[in-house]
Structures are given as C-alpha cells and as structure tokens.
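One predicted model, sequence on top.
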Amino acid sequence: MISVRGLAKEFPAGGGRVAAIKNLNLEVAEGEFFVIVGASGSGKTTLLRAVAGLEVPDRGTISIGGRVVSSDAPPAWIPSQQRKLGMVFQSYAVWPHLTVYQNVALPLTDGTHRVRRGEVEKRVREALRLVQLDQVAERSATLLSGGQQQRVALARAIAVNPGILLMDEPLSNLDARLREEVRGKIRELAKQLGSTVLYVTHDQVEAMAMADRIALMQAGELLQVGTPAELYHRPATTGVAEFFGTMNWLEGTVTAPGVAETAIGPVRFEAEAGIGTEVLIGFRPECVALLAAAAPEKPNVFSAALKASVFLGDQSLLTLALADRVISAKCRGADVDGGPLRVWIDPADVMVFSAERRLAGGAADSLFGARAAV
Amino acid sequence: MKARSIESPLFFVRRSTTSPGLLFLASLPIAVIAVFVAVMIWVSFQRGMLGTSGAVYTLENYLALFGDPFLYRVLWNTAVFTATTTVVALAIGLPIAWLAERTSIPGKTAIYAIMTLGLLIPGIYTAMGWTFIAHPRIGFLNRWLMDLFGLQDAPLNIATPVGMGFVQGLSLAAVVFILTAQMFRAMNPSLEEAAKVHGLSFLRTIHRVTLPLALPGILAAVIYVVTIGIATFDIPAIVGLGNRVYMLSTYIYLKVHPQGSGLPEYGITGAVGACMIVVAALLTLLYGQVLRSGHRFEVVTGKGYRPALIELGGWAAAGWCFIGLYAFVSKVLPLLLIVYAALTPYFAPPSIEMMRHLSLVHFTNMEWGLVLRGARNTALLVAVVPLLVLLFAFAISWLVVRSRNRARYAIEFAAFLPQALPEVILAIGALLLALFVLGETVPLYGSVWLIAIVYVAARIAFATRALNGSLLQIHREMEEAAFVSGLSTLRTARRVLLPLLRPTLLSVWIWTALLVYRELTVAVFLGVHDNITFPAVIWSYWYAGGMNKASAVTLLMTVLLAPLIAAFWWLGRKTPTATQ
Ligand SMILES: Nc1ncnc2c1ncn2[C@@H]1O[C@H](COP(=O)(O)OP(=O)(O)OP(=O)(O)O)[C@@H](O)[C@H]1O
Ligand SMILES: [Mg+2]
C-alpha cells in the first residue's frame, strides 16, 4: 500500500547539512497498522511528512497504492492534495475559526475529493459519531479540551475516506490516563474502517500496544522491522533490545554448543553459536524466575542474594547479586524475604549477541538468531 | 493538609507586600490622566471666565463647534488622510511582514533592522523630506517632471490630505510590519498543512484558512493605525499648516494658537477633545475585541511546530527590491534632502549648480541661544522621563501581574487608558489644567515639568504592557523561592526580579528616551518660551518658513541622536521590543 525505496532527505543546519533520513526502505501492507518508533530527532516526522507530500525528498521513490507519488528518477511529484490522505498532526491543527462540524466538512466541500452536497452532512455526522463528538458538532473548535480536539482531528482525517491515515504523535499532548484509553480506540477505529495507518510515536509502550508491525528508527535509518513480539523477544541488535525494555547483560565465551561461560557460571541458551566465540548474553528481568529452595537441580539455576526490592503493586522489582554480578528481576508478589534465593533463567529466553561488534563500537548484531519463547 | 501549611504563610507574605506605597505609585499616573480628562470635559462646558466662579455652564461650545462649517471640511480631510495612511501603511507593512516571517527570503535580520530603523526615524523627517520632494512650489520632483514633460502645473502635491496620508503611511508602515509579523509568527503552519493534506488547493487554503486566521491580526493593525491617524499632529503640522490644509489635530492647534488677532478658544478646544476621547475609547474597545478574537485562534502548538517556509526562488529579488524601494523612499531620500537643505543657503532643486553654493551658513548663523535652550530642555526630559516611566510602570505591572490586591483590575484597565488617548488630548488636558485650575498657585504653565508630566502619562501604557509581558514569563515561584529563603520583598525585587527583568527594563528605557527625544505634539502645544524642546525649535523655524534653518537643526539633532540609536541597536540584538 505504501512503499518507500531509497529515501533520503537532508536539511540545511547552521552552515552544514544534517541528514534527517538516509537511504530508507519501507513496505506497509494494505490494512496494516504500522508504527514508526524512535528517539527524538531520529527523523520520524520527516518520513511521515515526505509520505504526506509536505516535504520534498532529495532521493528515493515513494508510492501509495501502486502509484508513484514522489520520485527523483524519473522525476515524479504528486502534490499533497492529490494523494488522498488523512493526517492527524501532533498539534492537531484544528482550524480555530471553524466549528467542529465545519472542521470536518471543509475537506469534503472544498478539497480535491469533494462529495455531493447531500453526502457531506452524512459523512460528517458519521465521522463525528465514530469519534463520539456528535454532541458538540456546533461548538467552536477552540472551546474543546485537548482530548476532544484530538478527536476532531481524527474525524477530519477519516471523513474523506482516505484509505491511508498518517498520524504524528497524536497522543503526546494528552495526559497519561487518557492516552491509554485513546490508543485502544484509535486502533479499533482503524481496523473497523480497514485503513492503512502509518503512525509515529517515540513511546515504545504505545508502539507495542497499537502496532501490527513496528519499525524502529534511529538517526534516519530503520534498525529493525517486525511484529511487536519479534522486536521485543528477538531484537536484531543490543540497541533494539534496550529500546524496548530493560536488559541484563553478561559477557561470556561459548565453551560448548548452547553453553557460554560467564561471570556467574555457565549459562545455557538455545541459539546457535560457534565454539570459542566471545558473546554478549542478554535476558530481560521478567525472564528471571524465583525458585523454591527445595526445587530440583537443573541447568541455568543460580543462587542469588537479594540486595533491594521495590514493591510496585502488581509486581516487585528485585535487585539480585549473582556471584559478583548485579542483575534486576521482576516477579509477582511482595513476600520475598532476605534469605538466600535460587533463580532460574529459561534457556529459551536468553539472547545471544556477538561481542566483537559491540566492542568495535556499533551495536552488537544478533549473529545467532536468538530464539524467542513467545 | 501539607499543601495548606506551605501555602498559607506565603499567601500572607504576598498579601502584606502590597504596600500602600506601591499602590500610591501605581495610581498616581492614572490619577493624573483622569484629572486631565476631567478638566477637559469640565472646561468644555464653560464660557466666560473659564475655571473661575465667573464661568457660565453651557452647551454653547459644542453648539459652536458643530455649527462651524469649517469643522466638516476638517473632518473630511481627516477621513481622507486617515484612509490613505491606512492603505499605504498596510500595502507596505503587510507584504514585508509576510516576506520576513513566512518565506525563504534571505537577509531577514536586515529586514528587521530596516523596519526597526523605520520606527526610530521620526515622521517629521519624512514629512520635511517629502516637502522638498513633492511640494507644488519647491518640490524638486515636481520641477523635474514639469521640465521633462513641459507641464504648466505641478503634477504632485504633497500638501493635500492624500499626500500627507501617503507620508504618514510611509512612517506607519513599520508599525504595521511589527504588528502583523507577530501575527504571522504566532500562526501555526500545520493549520495550512492540514488543509493541503486534506485536499485544499493553494488558493483555497489561502481563502478558507490563511485569510480567516490572519484577519483579526490585520484588522487590529488597521484599527491601531486609524487610531493614530485621526489624532496625529506632526505630519499634518509640518506639511499641512503652512499650506492651510487642516486635520483635526491642526484644527485644535489653530483654536489654541489662532493666527492674526484672534483669541484662543479654549472652551471649543475642550469640546473637540471630549469628542475625540469618545471616538478614541470606542476604537480602543474595538481593538481589544478584535485582538481577543485573534488570541482565540492561537492554539497551543506542540513540538511538532516548525515553520514551513514558502520557497521564493527568483521572487526573493523582487521582494528585496520592494523593501529597498520602501527604505529609500521613506528614509534615505528624505534624510538626504534634509542634509542637502541644511547645507544650502536657500532651497532649490538639487543640481550641479547648487552644489557650488554648499555652505555652513546655517550652522555659523545658528541662533545658539534658542537651540541650546531646546537641547537643554530635551536633555532634561530624556534624563528624567524614562526613569519615572519605569518606576511607575513597574509598580503597576507588579500589582497587576503579581499581587492579589483587589484594585489590580481597576489599575490594569486604567493603565491602558493612555493607550487610547492621543497625545493631542493629553496635551490639551494638561494645558487647560495648567491654565484654569492650577493657575498662579502652582505655576506649571510654560514649565518643562508640565511637558515631563504629560510625557510620563503618555508612555505609561506602552511600558506597562512590555513589563506585564516579561513579568508573566518569570514564574511566580522564582520570587516565592526568595521569600521562602527569607528575603524581604524589597530585596526579592532587587536581587531576583530586577536582574531577570533587566533586558526589558533597558529596552523600555531606551525606547522611551527615543520617543521623548523626538516628540513634537505635546512640546508644541505646551511650549512657550523657556520650555521649548529640540524638536519644537525645528518646528518653529519650519512654521516660520525657515526650511533650511530647520533642516540644519534637524541635522544637528540627528547627529546627537546617533549614540542613542546605537545603544538601542546593541540592546535590540538581545531583546525584541514591543511596538509603539
Ligand atoms: N525543516 C527543518 N529544517 C532543519 N532541520 C530539520 C527540519 N526538519 C527536521 N530537521 C532535522 O532533521 C532531524 C529529524 O527531525 P524529525 O523532526 O524528523 O525528528 P523526529 O523523529 O520527528 O523527532 P521528534 O520525536 O522530536 O518529533 C532532526 O535532526 C531535525 O533537527
Ligand atoms: Mg516529530
């Protein structure tokens, strides 16, 4: 549905030039909810604006629904107006001189994709009903709360039946509680309408909660594209792993198939790695299981000492000492006493990365295709 | 409960800090203005021995005023003048503001520099210069055109309401620029992008989104210019008085300083003033209304905000030609002509022949006694007025923004009053007060202090607005942190507030000093002999027909002004000033 090939965009910045997007490729399937996530300044907005036709790329081709909308060779350009998009801006961009109704109606009455007079009313009412704003249709747009304005922007974007919805951090101006509520609704609405969505956010929780697929963006490039579970459990690099959640890291050397010798003893894993390679072992805090003192002996069981524990309600955050290493663990309940503990790390949950790459400065690549225990 | 125990002592501190002294400082200038207005209205209903028990209370002044057929001519002139001013100022200021804020035109700092300089160079310079250019008798452009096309009559006439409106418009274009540039800057570009993405063409976006959003800003600028236009004195005086073309302000001047053997008609002056107050107040109300509807449009912009500039390409050169032409026509050419006039014995169109007659005769023969008296008075005013303005304005701002005093709403409203009142009105009020109320008991008439009082009153509104803006930006907790650490109110003001406010205070100080330095209206209305100011000296030469002498004094004054402008410049790099 949306296809981006070799996209590049630079901006002039203080004499020099800064590359906002470098040689980026992306495919979004029809009806997919696709989330682009990345740190501030990684180029997410620029990518979205290039797709919308608000930014002219330096290089690369963008096509929407099989039609090339922007290309440098052969040169092609279809202006924003003719791309038939719906877009929700970060600042909502709700037109303050119009009412809620007029905001949603303007693209239908004055835009490229005009509809018949009788049709306008029906379409606007329908869009407002979908975002539950039909009660305030005649109100001036400036008299609405932030959450309501956000919904006006959403209604305006879906009213033209665009097929493609672009959203740039639409929830970042809402407070935390509202954000959680709205993100479910947006996904639900998009699925109901069958829209293809390109959604930008810097919040990894939001990304995982909403996306069919996620692309993690860094410094103008996509680090990894995949389903939320893939990115969480099978990150391609240590950088991706850390972006989506806390990690425990251990350096080690592979001594036998599926076994690495580390500071806390031999750690078993299920991925494949050549004997003798230096590796970086990683596992998430929630993959550390507390065992009963009488539990039978098995691989990857370590004895640990509790250093600190933080009670969070649904779970506790533990800081454990394993040999001379400190790791963090998450477990249910608060009744961990100060005595010696035994913990188990499922070999299926252990990620293995090549250590050389990391030492060489870049993020370590997952050479061995660490398998996830989904 | 915790919040309460922290809140209440502070609340107490804050309450107790609204000292009577501060309240007094804040209300003094407001009271003075109220007295001016009251006296004017009072006198407007009197005939006979004004201000004494011999006065007769009557409506006759109003009847005489509105029965005077000449008044209607003056009103018509004023209307044409104001309309021309508005059109010219808008036609120049608005496009330049749009260029500077919304397009990719290079050299934006230079544009701002040119337009700010436009604010600093007094309108009387432009008026004098344009008299030399397009006066029917002496204007060199007229002579050239007549020679070139063999014309019998001068094709251009600056001494008409339209001509004067043109000159005033050149001078106010800078004000329009500043006002509308702010508006363009505050406009969220994603509003236009949203229109684009949802299918609106460029023209429809302009029509349905950009213009409706810009309208309040443009309208506010129009009202602002009209408010100045209907009461402005200096340009109508410089160009029109000698040629017997009168505006409202010069009409009033005639009533106070009648030509020939007539007697001043103070009662009628009061009546005109009272009517103007009503008009000015209505315009100000309208202005506030329009501005408020504009602010309604300023939605919060998130961090997605990034102005998307319109690529001009080759049109940038055309844009710069327009700006350059404006600078040349409104500032450079008039100043050059003033220099030329100052260095020639009599005024004749510039020619090779005239270059041989260049001389310093106007400087060697300058009446130094008069000029020095003017310089001394102006120096005194520049030294005293800005400081007083800052003192009063700070008291008002602090009360309005920070205190919980109930009087603050009244004070806030009253502080904006002088904004509505043209200088002419304040000048008449002060004149009538000095003549008919204070009289012999407090001999202020003819004293430079009377002028100083009016200047302070007139500048309070601007200073208060600027200070309000910066005080609002300084979080209240900055001061509260000082209170909690045990600093007294005075010390908090000195150690915390003043340093934070310093850029604004400095720029208000400089700006006020500049305006005082060049002010003509009040100085002419209240000037007698001892209290003549520098600009009033220029004016008196000019009015008496000594255009070259006046130019020589102008040149002198400009040279002396340079350090002040340099200071303004240096400070302006750090803090953008508000408008006036
Ligand atoms: N119009 C512009 N002019 C100059 N630099 C720009 C412009 N737009 C983007 N950039 C630069 O390009 C880079 C990417 O910016 P972009 O806005 O796409 O980031 P982002 O991922 O959306 O960040 P955020 O999460 O903060 O919104 C940044 O370094 C930014 O400074
Ligand atoms: Mg962004």
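Thanks, I have the structure now. Ligands and ions are numbered 1, 2, ... in the order given.

List the buried residues of the helix or strand hosting residue B:178.
For residue B:178, the host element (DSSP states H and E) is helix B:161-186. Using 16 or more other Cβ atoms under 10 Å in any protein chain shown as the burial criterion, the residues of helix B:161-186 that qualify are B:161-184, B:186. All C-beta atoms are positioned from the backbone trio N, CA, C, and that covers glycine.

can I assume residue A:216 sits in a strand?
Yes - per DSSP: H, G, I helix; E, B strand; the rest coil, residue A:216 lies within a strand segment.

ok, now which ones touch it?
Neighbour list for residue A:216: A:37, A:38, A:222, A:223, A:224, A:225, A:231, A:240, A:243 [criterion: Cβ atoms under 8 Å, 6 or more residues apart in numbering or on different chains].

Keep those, but drop any that are not near ligand 1.
residue A:38 (Cβ under 6 Å from any ligand atom).

Go through the contacts of residue A:216 and say which is closest to residue A:339.
Closest approach to residue A:339 among those (Cβ to Cβ): residue A:243, at 35.7 Å.

who does residue A:140 bridge with?
Following DSSP bridges, residue A:140 is listed with bridge partners residue A:99.

oh, I was asking about residue A:165
residue A:86, residue A:197.

since we're on residue A:227, how many residues are nearby?
By the criterion of other Cβ atoms under 10 Å in any protein chain shown, residue A:227 has 15 neighbours.

Report the separation between it and residue B:451.
Per Cβ to Cβ, to the nearest Å, residue A:227 is found 79 Å from residue B:451.

Just flag the most distant two among the contacts of residue A:216.
Distance extremes for these: the farthest pair is A:225 and A:243 at 13.5 Å, using Cβ to Cβ.

by contact count, what packs against the helix or strand that residue B:253 is a member of?
Using DSSP H and E, residue B:253 maps to helix B:248-256. Packing contacts for helix B:248-256, counted by 3 or more Cβ pairs under 8 Å, 6 or more residues apart in numbering or on different chains; DSSP states H and E, involve helix B:69-102, helix B:211-231, helix B:266-295, helix B:423-432, helix B:521-526.

Next, the angle helix B:211-231 makes with the fourth one.
Going back to what we said before, that points to helix B:423-432. 30 degrees (axes from the mean of the first three to the mean of the last three Cα atoms, to 10 degrees).

What is the helix or strand hosting residue B:563 packed up against?
According to DSSP H and E, residue B:563 maps onto helix B:547-572. When contacts are defined as 3+ Cβ pairs under 8 Å, 6+ apart, helix B:547-572 packs onto helix B:108-120, helix B:123-134, helix B:333-342, helix B:361-364, helix B:368-401, helix B:498-518, helix B:534-543.

Quick check: buried residues in stretch A:237-248?
Neighbour counts over stretch A:237-248 (16+ other Cβ under 10 Å) mark A:237, A:238, A:239, A:240, A:241, A:243, A:244, A:247, A:248 as buried.

From the rest of the structure, what touches that stretch?
A:37, A:204, A:208, A:216, A:218, A:223-224, A:231-232, A:235, A:249, A:280, A:282-285, A:288, A:327-328, A:351, A:353, A:358, A:363-366.

and residue 73, how many residues sit next to it?
Just going to use chain A. Residue A:73 has 9 neighbours, counted by other Cβ under 10 Å.

um, chain B though
Neighbour count for residue B:73, taken as other Cβ under 10 Å: 13.

how close does it sit to residue B:251?
Counting by Cβ to Cβ - residue B:73 and residue B:251 are separated by 9 Å.

where does residue 234 land on pLDDT?
No chain specified, so I'll use chain A. We have a pLDDT of 88 for residue A:234.

if you could check chain B rather than the one you did, that'd help
88.

hang on, it packs against residue B:125?
No - look at residue B:234 against residue B:125 with Cβ atoms under 8 Å: they stay out of range, at 10.0 Å.

show me the contacts for whichever residue of the stretch 151-300 of chain A sits closest to ligand 1.
Per Cβ to the nearest ligand atom, residue A:202 is where the stretch 151-300 of chain A lies closest to ligand 1, at 4.6 Å. By Cβ under 8 Å, 6+ apart, the contact list for residue A:202 reads A:37, A:38, A:39, A:40, A:44, A:169, A:172.

Report the beta-bridge partner residues of the nearest residue to the second one once chain neighbours are set aside.
To tie it back to what came earlier, the one meant is residue A:38. The shortest distance from residue A:38 to any non-neighbouring residue, by Cβ to Cβ, 6 or more residues apart in numbering or on different chains, is to residue A:217 (3.4 Å). For residue A:217, the beta-bridge partners under DSSP bridges are residue A:38, residue A:222.

How about the contacts made by residue A:217?
Counting by Cβ under 8 Å, 6+ apart, residue A:217 touches A:36, A:37, A:38, A:42, A:43, A:44, A:47, A:223.

for the closest residue to chain A within the stretch 1-150 of chain B, what are its contacts?
At 10.6 Å from chain A, residue B:104 is the closest residue in the stretch 1-150 of chain B, using Cβ to the nearest Cβ. By Cβ under 8 Å, 6+ apart, residue B:104 lies in contact with B:309, B:310, B:311, B:312, B:316.

Out of these, the closest to residue B:457 would be?
The nearest member of these to residue B:457, counting by Cβ to Cβ, is residue B:309 at 42.7 Å.

Count the neighbours of that closest one for me.
Residue B:309, neighbours per other Cβ under 10 Å, totals 12.

what do you get for residue B:375?
18.

measure it to ligand 1 for me?
Residue B:375 is 51 Å from ligand 1, where distance means Cβ to the nearest ligand atom, to the nearest Å.

which residue sits closest to that residue, ignoring its sequence neighbours?
The shortest distance from residue B:375 to any non-neighbouring residue, by Cβ to Cβ, 6+ apart, is to residue B:534 (5.6 Å).

my guess is the one you found contacts residue B:517, does it?
Yes - the pair residue B:534 and residue B:517 qualifies as a contact (Cβ under 8 Å) at a distance of 7.4 Å.

any common contacting residues for those two?
By Cβ under 8 Å, 6+ apart, residue B:534 and residue B:517 have these common neighbours: residue B:378.

which one of the two has more residues nearby?
Using other Cβ under 10 Å, the more surrounded residue of residue B:534 and residue B:517 is residue B:534, with 29 against 22.

Now do the contacts for the closest residue to residue A:345 other than its chain neighbours.
Nearest non-adjacent residue to residue A:345, counting by Cβ to Cβ, 6+ apart: residue A:300, 4.7 Å away. Contacts here follow Cβ under 8 Å, 6+ apart; on that basis residue A:300 touches A:267, A:268, A:344, A:345, A:346, A:347, A:350.
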